[in-house]
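Trainee: sequence first, predicted model second:
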Amino acid sequence: MRYSKLFGKTKKSVPSDKDSVNARLLTQAGFVEKLCAGVYNYLPLGLRVLKKVENIIRDEMNKAGGQELLMPVLHPISVWESTGRTKSMDEILFRTGPDKEFILGPSHEETITPLAGSFIKSYKDLPLSLYQIQEKFRYEARAKSGVLRGREFGMKDLYSFHTDEEDLDRYYEIMKQAYSNVFNRCGLKSYIIEASGGAFSDKFSHEFQIPTNAGEDTIILCEKCGFAQNLEIATGKITEDENTEEEKALKMIDAVHGPSVEDTANFHKVSPSKVLKSVVYEVEEVGLLGVLIRGDLSINEVKLEKYLKKRLRPASAESLKSAGLVPGFISPVSNPVEIPFIADHSVTNMKNFVTGANVQNFDFENVNIGRDFQIKDFTDIVEVRNGFKCPKCESSLKEIKAVEAGNIFKLGTKFSDSFNLKYLDKDGVLKPVVMGCYGIGTTRLVGTIVEASHDEKGMIWPKNVAPYSVHLLKIGNDDTLNEACEKLYKELSDNGIEVLYDDRDESAGLKLNDADLIGLPLRIVLSKRTLSENKVEVKERIKDDFNLIDISEILEFVKNYLNS
RNA sequence: CGGGAUGUAGCGCAGUUGGCUAGCGCGCAGCGUUCGGGACGCUGAGGUCGUGGGUUCAAGUCCCGCCAUCCCGACCA
C-alpha cells in the first residue's frame, strides 16, 4: 500500500477529548475515527488489525471444532421475552412499525438456542460448537476508554452444546486453551481468573484478564507463580507471627470518640490492627448478623454473601437501634440481644484488643476471644490487598489493573430450559442440552493490544496483528532513489510481504515519526545515503538499534524475520 | 442516572469590564527552495462562535433551557 493513497493519515495534533491511550494513538495514527461516544469508524489500517485479530480467533475456534455461522443483529422482542432478559435493554430498539420492535442484539443466546434446537434432535448431533464474529450493541450508561468500552463493538461469541455436564467440562477446558492461544498470538499475556459472577450464581465462569493500566478491573496477581484472582473474591494470607501476649484483665472505660476504627484507635493510642472492627448486616431471611474483622482490614461483602449464601446489606440505623446496638461501640462482648457473630480468620490472632461496650462512649480494652465472648464461626471474608501472601506460593500479591478481554461461562441448562432444547439420548429418554458460551471482544482486543504495547512515540504492533509487516520509507527525493524504492516495494509485495510504502515527498523527520506512531514491526529506510552503498537500513520497532543490509538480501531477511 | 468540567475553522487554542470586518499556530491548496528525527518563504481557501430562547442600542462575551464531549461515581445480562 502506498501511504500517499491511504485513507486515514496521521495527525500532528489529536482532539483533546481523547480519554485513553488507545483512543489517542489509534486516532492520531489514522486507525479509527470516533462517530460519537462509544461508536467508532474503523479506517483501513484499523480494519486490517481487526481482521487479523478476527482471523486468529477464527483459526483457534476452528481448531477447537467450532463452526462459523452468522446470526441476525435484529432480534424480535418476543425471542427475548422467552428468557425475560429484556430489562435494561429498552433503549436498544429498532422499529419497523408502531408494533414491530426489534432489539439490536446485545448477545445471542436467545437466537442460537432455538436455532440449534431446529437441528439437534439426538445425542448423535452432540457435541456441537457454533460461533460467529459480529457487532454487538449494548446499553452503556457511560461509554469510555476508547474502543475498550463501546456501545457498538465487535465480538466473537461461541456456543457449545453437550449431552451432559461432563462433556461440557471437557470442552470448557479446550476453550480455555484456545483462548490462551488467541491472546498469546496477539502478543498478550493473559491470566485466567475465576469470575465473581455475583454472590449466588452457581454458574461457573472464568475471565481472561490482560494487565494494562487502562483496565477497569482489578485483579490480584502473584507475579511469582502466576496465580491470578478477581479482586472481588480473592483470597490471600496475612503473614504474621503467632501472638504470644499474655491475656490481661478486661477493662471497661469511658471513651468519647467518633464511630470509625481510626477514631477508636486514636483514642486508645493503639494501631487499628489492635481494634476489633464490628459490622452488623441485615441478612436476607436471617436477620441481624455481626461480622468481625481486624481493624486495619476490610470486609469483602461479596465473599461474605458467598459464604452465607444469602443477600445482605449493612444494617440500618433503625434496626441497630431497635437491637440495642450503638454505632461506633458495637461489640460481641456484652451483646444485649445476643445477635450471632462470625469473624474473619484475621481475628484469631488478636489478643488484648479494643472493642466497643455496646454503650455510648464506653469501650472495652484487653478483650480476648474465648474468655470474653464466643464466635459462631471463623471464615475468610477479608478484602485482599497489596502485600497479602499468595495462597499457593506465599509470595507477595499485587493489585493490578486489567482488561477483561474474554470470558467463558458454563450455562448449564438455563437456556435449553427456556427454549425447550432437548435431545433424545441412547436410552430413549429426552434430556435437556447442556450449554456453554464463550466470548471475546474483538474490537476491545485491538484496543487492549495498543494499551499493552506502546511507548511514548506510538504503537508497537506485534507481528501477527500488525496492519502491515513492513514500513518502507523513502527518505529524500530524486529519480534514482524513487526508482530503487519502487523496485524494492514491488519485490517485497510480489513476494507476499505486506508493505506500507511511504512514498510521500515529505521531510525525513515527519516520515520517521509517523513510522514510530503507526508502529509496524519492521521499518526499512532507503535513502540516497544507503543507496550509494546498495544497502537499506532495517530497524525493528521494539528495538533501538538498526542494521544496514544489502538490498539484494533484504527479501530473505524480511522473510526470516517474519517467520522467527 | 447523580456530581464536575468543557464546547470559537479539520485539529490545538486566544478573544479583557459586552463594542467596528472574530484572530493565532498546525493542517489543507498553489508556487518555489529544502530532504536522516515533526523544514522554510510567499500566496490562498476554510467560521450557523454547540443549539434554542432571553437581557441589551449592541452578545463569542451576561442569564436560562437543551444537546454533545470528557472526568468521577452508579450500572455493565
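Mentor: Good, I have the coordinates.
Trainee: number of residues surrounding the residue lying closest to A:Met61 once chain neighbours are set aside?
Mentor: Once flanking residues are discounted, A:Met61 sits nearest to A:Tyr131: 5.2 Å by Cβ to Cβ, 6 or more residues apart in numbering. From N, CA and C alone the C-beta is placed, and that goes for glycine too. The number of residues packed near A:Tyr131 is 26, by other Cβ atoms under 10 Å.
Trainee: show me how far stretch A:65-80 is from its chain's centre.
Mentor: Between the centre of stretch A:65-80 and the centre of its chain there are 24 Å (Cα atoms, centre = their mean, to the nearest Å).
Trainee: again with stretch A:80-87
Mentor: 26 Å.
Trainee: return the set of buried residues in that stretch.
Mentor: A:Trp80, A:Arg85 (16 or more other Cβ atoms under 10 Å).
Trainee: so is it next to RNA strand B?
Mentor: Yes - judged by Cβ under 7 Å from any atom of the strand, stretch A:80-87 comes into contact with RNA strand B at A:Arg85.
Trainee: contacts for the helix or strand hosting the residue nearest to A:Met61, please.
Mentor: Here A:Tyr131, judged by DSSP states H and E, is contained in strand A:128-137. With Cβ atoms under 8 Å, 6 or more residues apart in numbering as the test, strand A:128-137 has contacts from A:54, A:57-58, A:61, A:64-71, A:73, A:92, A:104-108, A:112, A:116, A:120, A:151-161, A:171, A:438, A:442.
Trainee: all strands for the stretch 1-150 of chain A, in order.
Mentor: Using DSSP state E, counting those that start in this stretch, the strands of the stretch 1-150 of chain A run over A:32-36, A:39-42, A:67-68, A:74-76, A:93-97, A:100-104, A:128-137.
Trainee: what's the most buried one of these?
Mentor: strand A:128-137 (a mean of 20; mean count of other Cβ atoms under 10 Å).
Trainee: give the pairing partners of that one; include direction for each.
Mentor: strand A:67-68 (parallel), strand A:152-162 (antiparallel) (DSSP bridges).
Trainee: show me how far that strand is from its chain's centre.
Mentor: With Cα atoms, centre = their mean, you get 19 Å for strand A:128-137.
Trainee: with stretch A:219-231 instead?
Mentor: On Cα atoms, centre = their mean, the centre of stretch A:219-231 falls 13 Å from that of its chain.
Trainee: elements contacting the lengthiest strand in chain A?
Mentor: Secondary structure of chain A per DSSP state E: the longest strand is strand A:397-412. Using 3 or more Cβ pairs under 8 Å, 6 or more residues apart in numbering; DSSP states H and E, the elements in contact with strand A:397-412 are helix A:165-185, strand A:205-211, strand A:217-222, strand A:434-441, helix A:442-452.
Trainee: for the stretch 51-200 of chain A, give me the ranges with low pLDDT.
Mentor: A:86-92, A:196-200 (pLDDT under 70).
Trainee: give me the subset of the contacts of strand A:128-137 touching RNA strand B.
Mentor: A:Pro106, A:Ser107.
Trainee: how about the residues of the stretch 101-250 of chain A near RNA strand B?
Mentor: A:Pro106, A:Ser107, A:Arg138, A:Tyr139, A:Glu140, A:Ala141, A:Arg142, A:Ala143, A:Lys144, A:Ser145, A:Arg149, A:Glu216.
Trainee: so which of those residues is the closest to A:Val39?
Mentor: A:Ala143 (7.8 Å; Cβ to Cβ).
Trainee: not counting sequence-adjacent ones, nearest residue to that closest one?
Mentor: Leaving aside its sequence neighbours, A:Ala143 sits nearest to A:Gly38 (Cβ to Cβ, 6+ apart; 2.6 Å).
Trainee: repeat for A:Ala195
Mentor: A:Ser205 (4.3 Å).
Trainee: do the same with A:Gly328
Mentor: A:Pro259 (3.2 Å).
Trainee: where does the one you found land in three-state SS?
Mentor: Put simply, A:Pro259 is coil when judged by DSSP: H, G, I helix; E, B strand; the rest coil.
Trainee: count of neighbours near it?
Mentor: Count around A:Pro259 with other Cβ under 10 Å applied: 13.
Trainee: now A:Ser4
Mentor: Around A:Ser4 there are 12 other residues, counting by other Cβ under 10 Å.
Trainee: check contacts around it.
Mentor: A:Asp502, A:Asp503, A:Arg504.
Trainee: quick check: A:Ile77 touching A:Leu104?
Mentor: No - A:Ile77 is beyond contact range of A:Leu104, at 11.3 Å (criterion: Cβ atoms under 8 Å).
Trainee: can you tell me the SS state at A:Asn358?
Mentor: Applying three-state DSSP: A:Asn358 is strand.
Trainee: quick check: it touching A:Leu325?
Mentor: Yes - A:Asn358 lies in contact with A:Leu325 (Cβ under 8 Å); the separation is 6.5 Å.
Trainee: A:Leu6 and A:Leu481, how far apart?
Mentor: As judged by Cβ to Cβ, to the nearest Å, A:Leu6 and A:Leu481 stand 21 Å apart.
Trainee: repeat that for A:Gly428.
Mentor: 79 Å.
Trainee: quick one, which of those two is more surrounded?
Mentor: A:Leu481 (18 against 6).
Trainee: does that one really touch A:Leu531, like I thought?
Mentor: Yes - if you go by Cβ under 8 Å, A:Leu481 and A:Leu531 touch, sitting 5.9 Å apart.
Trainee: filter the residues of the stretch 101-250 of chain A next to RNA strand B down to the buried ones, PyMOL style.
Mentor: In PyMOL, this line selects whichever of these come out buried by 16+ other Cβ under 10 Å:
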select buried, chain A and resi 106+107+138+143+145+149
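Trainee: JSON lines for the residues of the stretch 101-250 of chain A next to RNA strand B, including distance to A:Asp380?
Mentor: What follows is those, written out as JSON lines (distance: Cβ to Cβ, whole Å):
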{"residue": "A:Pro106", "distance to A:Asp380": "35"}
{"residue": "A:Ser107", "distance to A:Asp380": "33"}
{"residue": "A:Arg138", "distance to A:Asp380": "34"}
{"residue": "A:Tyr139", "distance to A:Asp380": "36"}
{"residue": "A:Glu140", "distance to A:Asp380": "34"}
{"residue": "A:Ala141", "distance to A:Asp380": "33"}
{"residue": "A:Arg142", "distance to A:Asp380": "33"}
{"residue": "A:Ala143", "distance to A:Asp380": "36"}
{"residue": "A:Lys144", "distance to A:Asp380": "33"}
{"residue": "A:Ser145", "distance to A:Asp380": "33"}
{"residue": "A:Arg149", "distance to A:Asp380": "32"}
{"residue": "A:Glu216", "distance to A:Asp380": "25"}
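Trainee: tell me which of the residues of the stretch 101-250 of chain A next to RNA strand B is nearest to A:Ile460?
Mentor: A:Ser145 (19.3 Å).
Trainee: I figured the closest one was touching A:Thr212, is that so?
Mentor: No - between A:Ser145 and A:Thr212 there is no contact under Cβ under 8 Å: 10.3 Å.
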